[in-house]
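**Q** Next comes the sequence, and after it the predicted model I'd like to discuss.
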Amino acid sequence: MDTRAQHLLLELYGCDPALLNDALFLAGLMRKAVSASGARVVGETFHAYSPHGVTGVLVIEESHFSVHTWPESGYAALDFYTCGALDPEPAAREVFEGLRASSAQLLEVARGLAEPAGGAALSRQLSWRRDSP
């Protein structure tokens, strides 16, 4: 069995606070992100905190996508974990655009046992900026 996987860690800054506090919007956006990556949702749960913030997880056939928000800071942290050949970067782009983030940091970690001495290893780091509001 192939155990290779990708784990994207996405941090979004300068997001629209109202969107970060809307669990229904976030659930829909995360479903769009799953679709953009070519994955399929098999389960999900979202929880809205009082007075603000949302945590959500979508279980996909290939693993999971999750989101945690801090509307008061305009910040969101996301994980996109996929097994096999699925590319999660389109999902990350979908969320970056959907939350109207001003900037983002993306880390990609190669996971699994790609080689006998395999295991987690940072494979790339990207920064995104929105050119205009």
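**A** Cool, the structure landed.

**Q** doesn't Arg100 fall inside a strand?
**A** No. Secondary structure of Arg100 (DSSP: H, G, I helix; E, B strand; the rest coil): coil, not part of a strand.

**Q** Quick check on it: phi, psi?
**A** Reported as degrees, to the nearest 10, the phi and psi values for Arg100 are phi 60, psi 40.

**Q** so what's it closest to, chain neighbours aside?
**A** Taking C-beta to C-beta, 6 or more residues apart in numbering as the measure, Arg100 lies nearest to Asp16, with 4.7 Å between them; neighbours along the chain are not counted. To be clear about C-beta, it is placed using only N, CA and C from the backbone, and glycine gets the same treatment.

**Q** That neighbour: what's it in contact with?
**A** With contact taken as C-beta atoms under 8 Å, 6 or more residues apart in numbering, Asp16 is in contact with Gly74, Leu99, Arg100.

**Q** Summarise which helices and strands the top helix by length along the chain is packed against.
**A** When secondary structure is assigned using DSSP state H, the longest helix within the chain turns out to be helix 23-37. On a contact count with 3 or more C-beta pairs under 8 Å, 6 or more residues apart in numbering; DSSP states H and E, helix 23-37 meets helix 17-20, strand 41-48, strand 54-60, strand 63-70, strand 75-83, helix 89-98.
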